[in-house]
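Novice: got a predicted structure plus its sequence, pasted below:
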Amino acid sequence: MKRKADSLRVLIVDDNEAYRVGLSEYVDRQKGLSVVGEAGGGDQAVYLARRLNPDIVLMDISMPGVNGIEAAKDIKEYLPDTKVVFVTVHKEETYRAIGEMIGADGFVTKNFVKEGLKEVIKNIRSQKPGKSRVTVN
């Protein structure tokens, strides 16, 4: 996790270690992005977000203990300028609606994350603070 100059700082959160590591490696190879931390659960995500103050949190929804929705709510409460993007297997509109209600900034399904990540980042960069909403199927 080497910091690249002028890059967005990203925190990766997923309880599946293999997926988390793979996503972290992929994100860190992208121009303009730098992974600053990884967490295996919602409680760790909140702790690391407060400590690292990332620009973006890429987070799974379904995790044991503190789930991604609860963690995102806490992160947005304490770090309102941090963008939270759900990266999940859930495609149901219910999850998207809940995400919007708590102030999540995007929603990408895991099977389209590589294709969707660039679109999400582009939209986040082009939006005014607190205004970005992106959904990629």
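Specialist: Ah, there it is.
Novice: the longest helix along the chain packs against which elements?
Specialist: If you go by DSSP state H, the chain has its longest helix at helix 113-126. Packing partners of helix 113-126 (3 or more C-beta pairs under 8 Å, 6 or more residues apart in numbering; DSSP states H and E): strand 8-13, helix 17-28, strand 83-88, strand 106-109, strand 134-136. To be clear about C-beta, it is placed using only N, CA and C from the backbone, and glycine gets the same treatment.
Novice: redo these as TSV? Include mean pLDDT, mean neighbour count and distance to residue 40.
Specialist: As requested, these are exported to TSV (pLDDT from 0 to 100; neighbours: other C-beta atoms under 10 Å; distance: least, C-beta to C-beta, whole Å):
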stretch	mean pLDDT	mean neighbour count	distance to residue 40
strand 8-13	95	25	8
helix 17-28	94	16	7
strand 83-88	92	26	14
strand 106-109	86	22	19
strand 134-136	46	18	24
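Novice: give me phi/psi at the spatially most central residue of the chain?
Specialist: Centroid-nearest residue in the chain, with C-alpha atoms, centre = their mean: residue 58, separated by 1.6 Å. As for residue 58, its main-chain torsions (degrees, to the nearest 10) stand at phi -100, psi 110.
Novice: so it makes contact with residue 82?
Specialist: No: using C-beta atoms under 8 Å, residue 58 is not in contact with residue 82, being 11.4 Å away.
Novice: my read is that residue 110 contacts residue 90, right?
Specialist: No: contact between residue 110 and residue 90 fails when scored by C-beta under 8 Å: they sit 9.2 Å apart.
Novice: helix, strand, or coil at residue 61?
Specialist: Judged by DSSP: H, G, I helix; E, B strand; the rest coil, the three-state class of residue 61 is coil.
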